[in-house]
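Novice: sharing a model that was predicted from the sequence below.
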Amino acid sequence: MAVYFVFYLWQNRELDLISWETIKSIFVRLCQGETPESPHYWLMYTLLSVYIVIPFFRYMFKDMSYRRVTAVTIIALVLMTLNLFSPIKFKVSSFLGSWEGVAIIGYWVTRPETKKYYRMLIGLGVAAFVLMAVFIGCDLDYRTLCCNASPVMTLISTGTFATVFLGHKFFHKGNVVLKILSKYSYSLILIHWWTLHWITRGRYDIQVLQHHGLGLFLSLGVTLLVSLIAAILIDNYVLTFVQQVFDWILEGIEKGIAKVKKEHCA
């Protein structure tokens, strides 16, 4: 994440002079989330925040019956719906109506018992997609109504996962394309904003609504392809070097601690 942030700074020509103050500034900005050069990093901070509680969730749900997990999933969807669409704004809320709830729903979808609901989830996902298209067509604030922890986006996501799980023979691990995309998935998230802003829309002026809707697929294709190429180059030629330096520093620290312990014991 830090390496890709440096890439964004370099693209914005903010690294003309490298000094300890520059490194300190980058570190502080990453800690504080002040990353306007990469505005999509808000999602990365959200994911990191969810990852903190995931290990504890595992212990909580380990011995919980499937019926109770399903109940928690339904409650999470209801709370998300009330938060966005209820005419009465309820003061009482819960983390279940936010990204933590999305994570729990994602866990529920992966449970083997959920397989019997896959076709229903696909149907709900299609209905949610149509609803989002209606919102966009009516010029409503679809970013608020459909994105992030919205029940609309959540149902689209669960429908997508159900489609993948139901078609496991096609989406199996031997699929070369899927393996490559899986390997670089995190890097694709980190780099896609640069591709979308500077390449897809900037250099090639590809807009979603162009060519009677075909611009959407063209935009997705170009963004994915360029992002994948950039991710492969950065991961294998920059990130690998940074990782080696980081491992070397950790190794030096471990040796120093071991030496101090040895001298203390002596």
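Specialist: Thanks, I have it.
Novice: let's see stretch 89-101 as PDB, backbone CA atoms only.
Specialist: Output of stretch 89-101 as PDB, limited to C-alpha atoms (Å, rounded to 0.1, in the frame of the first residue of the first chain):
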ATOM      1  CA  LYS A  89     -34.100   7.900  10.700                       C
ATOM      2  CA  PHE A  90     -33.600   5.700  13.700                       C
ATOM      3  CA  LYS A  91     -31.100   6.800  16.400                       C
ATOM      4  CA  VAL A  92     -30.300   3.300  17.400                       C
ATOM      5  CA  SER A  93     -27.800   1.700  15.100                       C
ATOM      6  CA  SER A  94     -25.200  -1.100  15.000                       C
ATOM      7  CA  PHE A  95     -22.000  -2.100  13.400                       C
ATOM      8  CA  LEU A  96     -24.000  -4.800  11.600                       C
ATOM      9  CA  GLY A  97     -25.400  -2.100   9.300                       C
ATOM     10  CA  SER A  98     -21.900  -1.200   8.200                       C
ATOM     11  CA  TRP A  99     -18.800  -2.900   6.700                       C
ATOM     12  CA  GLU A 100     -18.500  -5.300   9.500                       C
ATOM     13  CA  GLY A 101     -22.000  -6.500   8.600                       C
END
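Novice: list the contacts of that stretch.
Specialist: 46, 49-50, 53, 57, 72, 75-77, 79-80, 82-83, 104, 148-149 (C-beta atoms under 8 Å, 6 or more residues apart in numbering). C-beta coordinates here come from the backbone N, C-alpha and C atoms, glycine included.
Novice: for the longest helix belonging to the chain, the averaged confidence score.
Specialist: Of all the segments of type helix in the chain, defined by DSSP state H, the longest one is helix 240-265. For helix 240-265, mean pLDDT is 88.
Novice: please name the residues that touch the residue lying closest to Y184 once chain neighbours are set aside.
Specialist: Spatial nearest neighbour of Y184, excluding adjacent residues (C-beta to C-beta, 6 or more residues apart in numbering): A231 at 4.5 Å. Going by C-beta under 8 Å, 6+ apart, A231 touches Y184, S187, L188, L190, I191.
Novice: relative to D235, how far out is the first one?
Specialist: Right, the one you point to is Y184. Distance, Y184 to D235, using C-beta to C-beta, to the nearest Å: 7 Å.
Novice: cool, the last one as well?
Specialist: Remark: distance between I191 and D235 (C-beta to C-beta) = 10 Å.
Novice: between these two, which one's more packed in?
Specialist: I191 (26 against 19; other C-beta atoms under 10 Å).
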